[in-house]
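*Asks:* return atomic coordinates for the entry below.
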Amino acid sequence: MKPENILMVSPDSDVDVKIGDFGFAKYAETETSLLTQCGTPTYVAPEIIRGVPYGTKVDMWSLGVIMFVLLGGYPPFYDQDKLKMLKLVKNGTFDFDETYWSGVSMHARDSISMLLNVDPYERITAGEALDSTWMQNS
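*Replies:* Alright, predicted model coming up:
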């Protein structure tokens with residue numbers, strides 16, 4: 001997932017969205033059943049970069065990157081050198097620069113951090129993200 005694939009249903013509502021571009025979509029039978037190397041480098045999960053079997057948690061990683069970009073205004077993992085950027089992703093190296101994040105709640109930051117956990121088994125699920133304090137209080 002990436003922001004370009006999130007489509008607004010109507011210019012009158014920012015609640016109704018659709019997700020497009022399912023070119024690499026597959027059914028994940030387990031959390032380690034997929035092997036396709038795909039995704040936009042800025043949004044791709046570490047397990048895809050490492051070339052290990054993965055599942056639906058890669059989409060939760062991408063959601064974390066999207067949330068980071070929407071709330072912070074810049075991507076969490078960026079370098080002009082693509083290899084260096086991929087290393088940042090693999091290591092989960094990012095920070096909340098106070099210049100941009102001072103007005104963003106700790107609950108929002110916590111949710112993003114839980115989505116950007118490099119260990120897919122520790123990364124939160126969609127249900128857990130919806131149950132987070134930030135989402136419940138919003």
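*Asks:* could you use CA atoms for every contact and neighbour count after this?
*Replies:* Will do.
*Asks:* just the strands in this structure please.
*Replies:* Counting by DSSP state E, the chain has strands at residues 6-10, 13-19.
*Asks:* the inter-axis angle of the last one versus strand 6-10?
*Replies:* When axes from the mean of the first three to the mean of the last three Cα atoms, to 10 degrees is applied, the directions of strand 13-19 and strand 6-10 differ by 130 degrees.
*Asks:* now the longest helix along the chain - C-alpha only, PDB.
*Replies:* The longest helix of the chain (DSSP state H) is helix 57-72. The C-alpha coordinates for helix 57-72 follow below in PDB (Å, rounded to 0.1, in the frame of the first residue of the first chain):
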ATOM      1  CA  LYS A  57       1.700  -7.900   8.400                       C
ATOM      2  CA  VAL A  58       3.500  -6.300   5.500                       C
ATOM      3  CA  ASP A  59       0.400  -4.200   4.800                       C
ATOM      4  CA  MET A  60       0.400  -3.100   8.500                       C
ATOM      5  CA  TRP A  61       3.900  -1.900   8.000                       C
ATOM      6  CA  SER A  62       2.800   0.100   4.900                       C
ATOM      7  CA  LEU A  63      -0.100   1.500   6.900                       C
ATOM      8  CA  GLY A  64       2.400   2.700   9.500                       C
ATOM      9  CA  VAL A  65       4.500   4.400   6.900                       C
ATOM     10  CA  ILE A  66       1.400   6.100   5.400                       C
ATOM     11  CA  MET A  67       0.300   7.300   8.800                       C
ATOM     12  CA  PHE A  68       3.800   8.700   9.500                       C
ATOM     13  CA  VAL A  69       3.800  10.600   6.200                       C
ATOM     14  CA  LEU A  70       0.200  11.900   6.800                       C
ATOM     15  CA  LEU A  71       0.900  13.100  10.300                       C
ATOM     16  CA  GLY A  72       4.600  14.100  10.000                       C
END
